[in-house]
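Enquirer: pasting a predicted model and its sequence here:
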Amino acid sequence: MTSQEIRQSFLDFFTSKNHKIVPSAPMVIKDDPTLMFTNAGMNQFKNIILGNDHIKYPRVANSQKCLRVSGKHNDLEEVGHDTYHHTMFEMLGNWSFGDYFKKEAIAWAWEYLTEVVKIDKDRLYVTIFEGAPDEGLERDTEAYEIWKQFIPEDRIINGDKKDNFWEMGDTGPCGPCSEIHVDIRPDSEREEISGVSLVNQDHPQVIEIWNNVFMQYNRKSDGTLTPLPKKVIDTGMGFERLCMTLQGKTSNYDTDVFQPIIQEIGKIAGLRYGDNEKVDIAMRVIADHVRTIAFSIADGQLPSNAKAGYVIRRILRRAVRYGYTFLNQHEAFMYKLTDVLCEVLGGAYPELIAQKTLIEKVIMEEENTFLHTLETGIKLLEKNLNEIKAKGEKVLSGHVAFTLYDTFGFPLDLTELILRENGLSVDIEEFNKEMQQQKERARNAAAVESSDWVVIREGETRFVGYDLNEVETNILRYRKVTQKNKTYFQIVLSDTPFYAEMGGQVGDSGTLSNAEETIEITDTKNENNLSVHIVNKLPNDLTGSFVAKINLDKRMATARNHSATHLVHEALREVLGTHVEQKGSFVSPENLRFDFAHYQRMTTEEIREVERIANRRIRENLIRNEMREIPIAEAQSMGAIALFGEKYGETVRVIQFGDSIELCGGTHVKATGDIGMVRIISESSIAAGIRRIEAITGEAVEDMIDKQQDVIATAKEFFKNTPDLVKAIQRSISENQDLRKQVDDFRHEKIMELRNRLIKEAKEVNGIKEIRVNTILPAEAVKTLAFQIKNMMNENLLVVIGSLFDGKPTLTVLLSDDLVEKGYNATALVREAAKHIQGGGGGQPFFATAGGKNPKGLDKAIQSIEL
RNA sequence: GGGGGAUUAGCUCAUCUGGCUAGAGCGUUUGACUGGCAGUCAAAAGGUGACCGGUUCGAGUCCGGUAUUCUCCA
């Protein structure tokens, strides 16, 4: 079976069991503060499991693209070294939300594996939870009894809490799980050692392929468990491992999922997979990582220097590093794999093909940037290396290695490699210590502690903010959050006009009041589809009814910016082309930011044109056409613009202004005329192939124009209200340049004259030509004078120049080179003489300066210097 | 969110612990050589050392702040 056929057979099987097949959610998660990437099939159902969302379909199944860069058995640093771990992988899963439970889940899992894809029953083992009496958790005998009907009892293995009890986090739904393991060793080996002893022992050919989680408890923050009202089945099967098993391979990387990519890497590097272990590891690393990178870019997550984008950047860099060291690729090469990637996965994931050009550009740019970083790092390392060698030492301090890593992004293993080549090593212990300290610092700064929700009354939030600015409401629940000495509260309301930060639009602020008091709501955030209102203080009485009211000025300003974003988006597509796709958006009351795919700098004319089109639409005063809850297919047939990497429900909200039609949950003006005017204030690049424009609307434009007019008016006044300001400034600048040059020339001439006079007047004392003078010159001129004299007569020369400039006396001493060789020192001379002007100074043996506080002593100081 | 670094000529970067008028390569311009192109040689132009403030006789260099950017941790 090909991987395509395997994926399809799973979905077909669960369709036949009345499951709804849902599409894969984006790999990058946007509204969950605890998670950056989809790391399991259940992520997109988290809201349902937590009870924040309605159950639309009690039975669903899908194939989900997942990303794991840390966690049990899966450190990023391990990927590639073995044959079965990945960063990105596909997870096949089926779910039941309060519908079927263990009996059906187990029976169907068995049926699929043994009858649909026909895995030899003798090769399968299962595990069940053995219980943890100290935590009051019972053995999962229920699962055991069900399994007994399918599989001999000696193949059912007890597992401990670590392997067989699943928890979403420190709190929340949890329960026992049951894993299915497959033994794919050759028969000869299986006869020698029984598979049962190798389950969960990290054997590469006795592996877990399917985990069935039976969520039946809810864990509270004090650790106690309560039964879950609606029990949940959550299963996940590693797609790549299933392919390996069914295709008779012993490595995931030997399946048709990875081999085409690996072959292509071999072609680029001129090496063959299978010849050399280190080369093989590098090829596996690159094949795995390039999938991750390409998918995240397609999902709208570009490599960057913070958060999720940074994780992607790190993964890309790890791949480049392996290519650099083991495949001898010192120039960008990974972007060349985009073609083959599209061939392998483009069928199941069309977003890859749609975003191909962008993926290529971004990867190439990132590769080049990192190769540059490596080059700088190597230079720095070599400098340190020479110092160590010069001192005759053998070990590079961990501190230096850490600085290279921490500040310059130079990877430790490369440091080690280069040191080894030079017969040196690095103090790893010290390195780890520094790393530990860094982690401590970050952890302390980021520690967030939230207590359990306190439920005042049951219910769900109803958002009324599209229609109302204030509403009567009740508090449903609240909790306290402590973060870095700051304490605040999160409140969930029964009805709210507050828009929670989402889709780039900032959350509303406003007030919550009852008869007695008014509480400030500082922000509104969206956590797992739950609108939480942030307040610094709780009302005294939480039970009564309240009026929730948004800050209308801010909301209106935000709406203007959001609607303007849509108009600008449309105008950009008209001016630049339809390749312009939204890659990010930020809408606040102050301004708007819009990131989009485009491959070159916008010209001033293009920016003007975009502004003109958008402003024309504003003047046309297009009425907002808002469609709530329309089926996504219908919206798309209207030509509504949807975003890659965005998760949409089956029904969506559509906002239309004329020809601009977008899927959007944000708040907008009633008609475009309300925007007033839009003005683009900057255009810049934020990544390869991505441009960013920032714009302002309404009053902010007025303010800007006012300010600019003030500047012009003031400037004009300086020029006696000249009609042609630009010309006046130009003339003034060129006049200024001319004058400056004249002054410079003049001053230079004066110094030359002074020099010539001084040289002529030089007195010879004991065979040394002495020049002493007291002048009024700036320090720079004095210096020039001294050096000029030296250039003319660099023999047996002593120059002493005193100068009173700007009320401060300074003293300068210069000696010719031969006197310095004889042991005279200008610094010593000037220090001694500076006592007369109550100052100090220094310099080099041939030239020194001093400054002081007493102008009256200047003459004395000049005369006091004797050789 | 927290730490560390960087910002010097159009570009890439030097300038060790404050001190000899801030240098190099590439690029630009000019000139010479060659029949032309390419090239070689020579010369020149090009700098508020990111910005603001402070310490000092003296700051690109030290300190504080701002901006931009890189990097590590979360």
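Expert: Ah, there it is. Worth saying up front: this structure is predicted, and the values here are computed from it rather than measured.
Enquirer: A:Phe462: what's it in contact with?
Expert: Phe isn't right for residue A:462; it's Arg. The neighbours of A:Arg462, taking CB atoms under 8 Å, 6 or more residues apart in numbering as the test, are A:Ser494, A:Asp495, A:Thr496. Yep, even glycine has a C-beta here, placed from its N, CA and C like the rest.
Enquirer: mind running it again at 6 Å?
Expert: A:Asp495 (CB atoms under 6 Å, 6 or more residues apart in numbering).
Enquirer: what about A:Arg692, is that helix, strand or coil?
Expert: What DSSP: H, G, I helix; E, B strand; the rest coil gives for A:Arg692 is strand.
Enquirer: could I get the pLDDT score of it?
Expert: At A:Arg692, the model reports a pLDDT of 85.
Enquirer: cool, and A:Lys484?
Expert: So, for A:Lys484, pLDDT stands at 66.
Enquirer: ok, now A:His399?
Expert: 86.
Enquirer: cool, and A:Gln737?
Expert: According to the model, A:Gln737 carries a pLDDT of 65.
Enquirer: ok, now A:Val279?
Expert: Confidence score, pLDDT, at A:Val279: 95.
Enquirer: ok, residues contacting the one helix or strand it maps to?
Expert: For A:Val279, the host element (DSSP states H and E) is helix A:277-298. Helix A:277-298 has contacts (CB under 6 Å, 6+ apart) with A:27, A:65, A:79-81, A:86-88, A:253, A:258, A:261-262, A:265, A:271, A:273, A:312, A:315-316, A:319, A:322-323, A:326-327, A:334, A:337, A:341, A:351-352, A:355, A:359, A:362.
Enquirer: return the members of those residues classed as buried.
Expert: A:27, A:65, A:79-80, A:86-88, A:253, A:258, A:261-262, A:265, A:271, A:273, A:312, A:315-316, A:319, A:322-323, A:326-327, A:334, A:337, A:341, A:351-352, A:355, A:359, A:362 (16 or more other CB atoms under 10 Å).
Enquirer: tell me which of those residues fall in strands.
Expert: Those of the buried ones among the contacts of helix A:277-298 mapping onto strands are A:Lys65, A:Met88, per DSSP state E.
Enquirer: and for A:Ile233, the neighbour number?
Expert: 24 (other CB atoms under 10 Å).
Enquirer: is the closest residue to it other than its chain neighbours bridged to anything, and to what?
Expert: Leaving out its chain neighbours, the residue that sits closest to A:Ile233 by CB to CB, 6 or more residues apart in numbering is A:Ser96, at 3.8 Å. Beta-bridge pairing of A:Ser96 under DSSP bridges involves A:Arg59, A:Ile233.
Enquirer: and A:Ser96, how far from RNA strand B?
Expert: From A:Ser96 across to RNA strand B, the span is 33 Å (CB to the nearest atom of the strand, to the nearest Å).
Enquirer: surely A:Ile680 meets A:Ile693?
Expert: Yes - with contacts counted by CB atoms under 6 Å, A:Ile680 reaches A:Ile693, the gap being 5.3 Å.
Enquirer: ok, the helix holding A:Val279 near RNA strand B or not?
Expert: No - figure legend: helix A:277-298 not in contact with RNA strand B (CB under 7 Å from any atom of the strand); closest approach 14.4 Å.
Enquirer: show me what counts as buried in that helix.
Expert: A:279-298.
Enquirer: which residue, other than its chain neighbours, is closest to the residue of chain A most remote from its centre?
Expert: No residue in chain A sits farther from the centre than A:Asn766, which is 73.9 Å out by CA atoms, centre = their mean. Nearest residue to A:Asn766, sequence neighbours excluded (CB to CB, 6+ apart): A:Leu867, at 7.5 Å.
Enquirer: give me the pLDDT for the one you found.
Expert: Model confidence at A:Leu867 (pLDDT) stands at 80.
Enquirer: burial measure for it, as a count.
Expert: Other residues close to A:Leu867 by other CB under 10 Å number 14.
Enquirer: so which bits of the stretch 301-450 of chain A are right by RNA strand B?
Expert: A:305-307, A:310, A:313-314, A:317, A:369-370, A:372-373, A:376, A:403, A:405-409, A:435, A:438-439, A:441-443, A:445-446.
Enquirer: filter these to the buried ones?
Expert: Here, 16+ other CB under 10 Å leaves A:Arg313, A:Arg314, A:Arg317, A:Thr369, A:Phe370, A:Thr373, A:Thr403, A:Tyr405, A:Gly409 buried among these.
Enquirer: what secondary structure does the fourth one sit in?
Expert: Spelled out, it's A:Thr369. Going by three-state DSSP: A:Thr369 is helix.
Enquirer: and the residue farthest from the centre of chain A, how far from A:Gly823?
Expert: Per CB to CB, to the nearest Å, A:Asn766 is found 15 Å from A:Gly823.
Enquirer: quick one: secondary structure of A:Tyr466?
Expert: The three-state assignment at A:Tyr466 reads coil, by three-state DSSP.
Enquirer: ok, which stretches of the stretch 101-250 of chain A are strands?
Expert: For the stretch 101-250 of chain A, the strands defined by DSSP state E, counting those that start in this stretch occupy A:124-129, A:156-159, A:165-167, A:172-183, A:206-219, A:225-238.
Enquirer: can I get those in TSV with mean pLDDT and distance to RNA strand B?
Expert: Formatted as TSV, those follow (pLDDT from 0 to 100; distance: least, CB to the nearest atom of the strand, whole Å):
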stretch	mean pLDDT	distance to RNA strand B
strand A:124-129	96	29
strand A:156-159	94	28
strand A:165-167	89	18
strand A:172-183	93	19
strand A:206-219	93	21
strand A:225-238	92	24
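Enquirer: out of the ones you listed, nearest to A:Glu421?
Expert: Of all the strands of the stretch 101-250 of chain A, it is strand A:206-219 that lies closest to A:Glu421, at 37.2 Å by CB to CB.
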